[in-house]
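Colleague: how would this look folded up:
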Amino acid sequence: MKYKFTIITVCYNIVSTIKRTCESIINQTFQDFEWIVVDGGSTDGTVDILKEYTARINILISEPDKGIYNAMNKGIKLATGEYINFMNGGDEFYEKRTLEKVYNKGLKADIIYGDEQRINGDKTYIHKNWEQLTKDILYYRHGISHQSTFTRTIILQKYNFDENYIISADFDFFVKMFNKRYKFSKIPIIVNNFYIGGISSQNKEICSKEYKKIRKKHFTIKYFICNKIEPLLEFLYNSIRYPRYFAGWIKQKLLKPKK
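Modeller: Numbering: from 1, shown residues only. Next comes the predicted model:
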């Protein structure tokens, strides 16, 4: 591979936030990376700002695409780095030493991930990704964000993202890689700043439907049975052992207002 990292930035009509993404990338202390920008044909001045960084951008594409994952797949096809990170328009690395820290922790696993800082207006908090992914976590919880991950390029070029998903193809990809037994490794650093309000935040209903579809696609019938039977068994156990629990449930049902 030509570079240690490939940073792919996908963007479309985000003139007010693209600069912070660009600045966080060019100011990294570790510069052994290529930067591929895939713009969806912006018309609001985003491309004009991107052109200010052409001295550091290795490849700049600006053309209509079929959605975010179509654009990400375009970038994957062109990547020559050992690992790919997606720092899409509007988001940014947590600090100038992020890539340096990732490199120093050792590039051994197939998919390396850290934590992320989430920003919602004036409020910020650190979102801790799972120390170790399991099937139960992926089924009952959520996966990891693509901004905080570094995935071997040869894996992404082999599988790509499923463009049938509007919002959740990265979750589909990570579950698929987990089932194929690729090695995931958590590193103890904060990788990125994630700004609440993007496409997934604005389309929670679509996101929820896609997650259900992905779980149905990748998990065995055992997980569906457990998902339905376990709550019922817990209810029966509590009802038998604690009669007041059952009485309270009956009272709640009887007093529940009719719609």
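Colleague: packing partners for the helix or strand that K209 is a member of?
Modeller: Element membership of K209 [criterion: DSSP states H and E] is helix 204-218. Here helix 204-218 touches helix 169-179, going by 3 or more Cβ pairs under 8 Å, 6 or more residues apart in numbering; DSSP states H and E. Every residue, glycine included, has its C-beta placed from N, CA and C.
Colleague: which residues are contacting the helix it packs on?
Modeller: 69, 110-111, 133, 135, 138, 142-146, 149, 151, 155-156, 159, 161-163, 165, 184, 210-211, 214-215, 217-218 (Cβ atoms under 8 Å, 6 or more residues apart in numbering).
Colleague: strands - which of these land there?
Modeller: Here DSSP state E is the test, and the contacts of helix 169-179 give I111, T149, T151, F184 as lying in strands.
Colleague: give me the number of residues near the third one?
Modeller: Meaning T151. Using other Cβ atoms under 10 Å, T151 is surrounded by 25 other residues.
Colleague: try the last one
Modeller: Here the neighbour count serves as a burial measure; for F184 (other Cβ under 10 Å) it reads 18.
Colleague: same thing with K135?
Modeller: 15.
Colleague: in this structure it contacts R181, no?
Modeller: No: using Cβ atoms under 8 Å, K135 is not in contact with R181; the gap is 11.7 Å.
Colleague: about what we covered before: the ones in strands among the contacts of helix 169-179: which two are farthest apart?
Modeller: The most widely separated members of the ones in strands among the contacts of helix 169-179, counting by Cβ to Cβ, are T151 and F184 (9.7 Å).
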